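Engineer: next come a sequence and a model predicted from it.
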Amino acid sequence: MKRYLYNISGGNVRSLWSAAFAALLDGIAKVVPAALLADLLHTVYRAFAEPEAGLDTGRLWAACAVLIAWLFVSYAAYGRLYDKSYKTAYRLSASGRLRLAEHLRHLSLGYFGKRDPADMTNLLLSDYGQVEHTVSHNVPQLISGIMLPLLALAGLAFVDWRMALAMFAAVPLGLLLLWLTDSMQERLSERHVRAKNEAASRLQEYLGGIREIKAHHMGGERFERLRLSFERLKRASIRLEGRMGPLIMGAMLLTRSGMTIMIAAGSYWLAGGELSLSIFLLFLLVGTRIFEPLTAVLMNYGEMRYSAFSARRIMDVRQELPMQGSESVDPRGPIVFDRVTFGYDEREPVLKGLSFTIEPNAITALVGPSGSGKSTVTRLVARFWDVRQGEIRIGGQPLGQADPEELLRHVAIVFQDVYLFRDTIGNNIRIGRMDATQEEIEEAARRACCHDFISALPQGYDTPVGEGGSTLSGGEKQRVSIARALLKNAPIVLLDEATASLDPENEYSVQRAIDELVANKTVVVIAHRLKTVRYADKIVVLERGRLTEEGRHDELLESGGLYAKLWRLQQESEEWQVKA
Ligand SMILES: Nc1ncnc2c1ncn2[C@@H]1O[C@H](COP(=O)(O)OP(=O)(O)OP(=O)(O)O)[C@@H](O)[C@H]1O
């Protein structure tokens, strides 16, 4: 229970107490009128049973007055419960989601490689939604459902311990049955969450790949995968409800059978003159009230177990260790790869004992066949991943000890695949430097040769772009990304195929923009077209994660190695034509 409350409150159990206390007050507020009603009935009954005593009207009026006063008390108690439970739930989930999103930012990208993106989306939306519902509805019910019967048992035992015992006799049996179903509930909940994630993942895949699906007439195959995932989800849902429903109903009936036992025993004692009618009435009326919250807890038990699983999934991510390191780096120093071995998957190294130096304020080009590890080198410089063996140092500081946040402040990156957020173009450029003025944004856009096309759009810089930049062409996205980097003006620049998707007309001007971006900076550039890197200060040639040669363009041509071969092949390919 302690662990459950800890997990669903995101480690902040105290935040649940005021809602729980309000739930308890609300529960008590609901029971008191039943006790008063029992007393009222007894007063009226006595007037008939003992006519000589007459009707105790004073007592009747007093009970009515207390009932009226109680209306206000219960309104206040319910209001407090409503306010506390909902506010606590929404506050916890809003701050929890933000905290988790912030925590994710500090994790290595390797962590995301291991997880399905749809699963992460589900975690932030659906799992938090589940926990939110539990905090707002189930936890207050749980607390009052446990505390109220306990308080009632203690109170009623003073009135008549035999009746109290009869009333609660079957409760342990109901709870025992519930406890026995626990591991089954956990297993079924887990399967259901998996099936739900799988369906979300397939759906995301289907929608994301809709262009390819249409182009390649893949409707059947993809649809089949989607259909199967929904089929699995349906089966998991039916299994969860179908197997747990009867068991929970059984536990509920067992618990409620206490009322029947109590009525039977009470009738017996009443008939034998061992129990007064007023006490019998009191137990009858209070009993119906007491079993209500307890039954509600049992009914929602499945939901609570389900949310316990969601909460554990959230806590597991929160306990994932963020990247360590607090040292500063000198971004003006050389970047040294010292016998670096790295693989995205531990068993398959992508870089193997790689050693070379990226000189400060110079351009280092990475060249090599596709898959040789060029982009991986740039990702390691930005510390998106940590190396497994060897060391990378910037200005003498090992990257493993560097503060990842601070390091990224010194690095501007233009990726091969540019991602634009669902926001205005202006704000997408502003990501480079959040405090940039509109003039600075426009200046960066001008230098990145994208001011003209942005100004021609109906809303100019305020034009919204679709998620991922889907409303812009590949070349336009690339130039927006260069504008971001220009705005950032960081001393280390990583260019991964920055001119890959530009037409010849734009390439010249963007190349000029890049020249400006890289002036007096430490630059690492990847380009498949060797023409664009022939003037680099150093060219590092990679093949299957190993360094095969390094030097200037002319030196490498002269040595006649892999670079010379790639150069020759590219020269030849430029002469190719599509023939009719
Ligand atoms: N996120 C990732 N997770 C797992 N493997 C990856 C990941 N990124 C790259 N790889 C693998 O690592 C190897 C090197 O990839 P990398 O992108 O560094 O090569 P590259 O030389 O830049 O290729 P290209 O020129 O085609 O862009 C490839 O085999 C690739 O499949």
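Structural biologist: Okay, I see it.
Engineer: for L270, give me its contacts.
Structural biologist: L270 is in contact with 277, 280, counting by C-beta atoms under 8 Å, 6 or more residues apart in numbering. Using the backbone N, CA and C atoms, a C-beta is placed for each residue, glycine as well.
Engineer: how would you label it: helix, strand or coil?
Structural biologist: Here L270 is helix, with the state taken from DSSP: H, G, I helix; E, B strand; the rest coil.
Engineer: now swap in the one 4 residues further on and tell me
Structural biologist: With three-state DSSP as the basis, E274 sits in coil.
Engineer: what is the neighbour count of it?
Structural biologist: 11 (other C-beta atoms under 10 Å).
Engineer: where's it relative to the ligand, distance?
Structural biologist: 78 Å (C-beta to the nearest ligand atom, to the nearest Å).
Engineer: what's the separation between that residue and G54?
Structural biologist: Counting by C-beta to C-beta, to the nearest Å, the gap from E274 to G54 is 27 Å.
Engineer: one more: R479?
Structural biologist: 97 Å.
Engineer: more neighbours: which of these two?
Structural biologist: R479 (30 against 9).
Engineer: list the buried residues of whatever helix or strand that one lives in.
Structural biologist: Here R479, judged by DSSP states H and E, is contained in helix 474-488. Residues of helix 474-488 classed as buried: 475-488 (neighbour count, 16 or more other C-beta atoms under 10 Å).
Engineer: what does the stretch 201-350 of the chain put close to the ligand?
Structural biologist: Contact residues, the stretch 201-350 of the chain versus the ligand (C-beta under 6 Å from any ligand atom): 344, 350.
Engineer: and the chain, by the same measure?
Structural biologist: So the chain meets the ligand at 113, 344, 350, 368, 370-376 (C-beta under 6 Å from any ligand atom).
Engineer: swap in 5 Å and give it another go.
Structural biologist: 113, 344, 350, 370-376 (C-beta under 5 Å from any ligand atom).
Engineer: for those residues, which ChimeraX command selects only the ones that are buried?
Structural biologist: Buried members of those, defined by 16+ other C-beta under 10 Å, are picked up in ChimeraX with:
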select :350,372,373,374,375,376
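Engineer: where's the dip in pLDDT among the residues of the chain next to the ligand?
Structural biologist: Ranked by pLDDT, those bottom out at G113, which has 69.
Engineer: out of the buried residues of helix 474-488, who's nearest M252?
Structural biologist: The nearest member of the buried residues of helix 474-488 to M252, counting by C-beta to C-beta, is K477 at 58.0 Å.
Engineer: dihedrals phi and psi, the nearest residue to G333 once chain neighbours are set aside?
Structural biologist: Spatial nearest neighbour of G333, excluding adjacent residues (C-beta to C-beta, 6 or more residues apart in numbering): G395 at 2.5 Å. Main-chain torsions, G395, degrees, to the nearest 10: phi 60, psi 30.
Engineer: out of the buried residues of helix 474-488, who's nearest the ligand?
Structural biologist: Set against the ligand, the nearest of the buried residues of helix 474-488 by C-beta to the nearest ligand atom is Q478 (15.0 Å).
Engineer: surely L107 meets M323?
Structural biologist: Yes - contact criterion C-beta atoms under 8 Å: L107 and M323 qualify, at 7.0 Å.
Engineer: the more surrounded of these two?
Structural biologist: M323 (21 against 16).
Engineer: and after the lowest-mean-pLDDT helix or strand in the chain, which helix or strand comes next?
Structural biologist: The least trusted helix or strand in the chain, going by mean pLDDT, DSSP states H and E, turns out to be helix 2-8, with a mean of 66. Where DSSP H and E defines the elements, the next helix or strand beyond helix 2-8 is helix 14-49.
Engineer: what mean pLDDT does the helix or strand just after that following helix have?
Structural biologist: Proceeding N to C from helix 14-49, the next assigned helix or strand is helix 57-105, under DSSP H and E. What helix 57-105 shows for mean pLDDT is 80.
Engineer: use 21 as the first number from now on
Structural biologist: Renumbered: residue one is now 21, and that last one reads helix 77-125.
Engineer: who does helix 77-125 touch, helix- and strand-wise?
Structural biologist: helix 34-69, helix 148-153, helix 159-179, helix 321-338 (3 or more C-beta pairs under 8 Å, 6 or more residues apart in numbering; DSSP states H and E).
Engineer: quick one: secondary structure of E411?
Structural biologist: strand.
Engineer: next up, the contacts around it.
Structural biologist: 356, 358-360, 418-420.
Engineer: please name the nearest non-neighbouring residue to P424.
Structural biologist: M343 (4.7 Å).
Engineer: ok but the one you found is inside a helix, no?
Structural biologist: No - under three-state DSSP, M343 falls outside any helix and is assigned coil.
Engineer: A271 versus the closest residue to A55 other than its chain neighbours, what's the distance?
Structural biologist: Excluding the flanking residues, the one nearest A55 by C-beta to C-beta, 6+ apart is V306, at 5.9 Å. Noted for V306: a distance of 22 Å to A271, by C-beta to C-beta.
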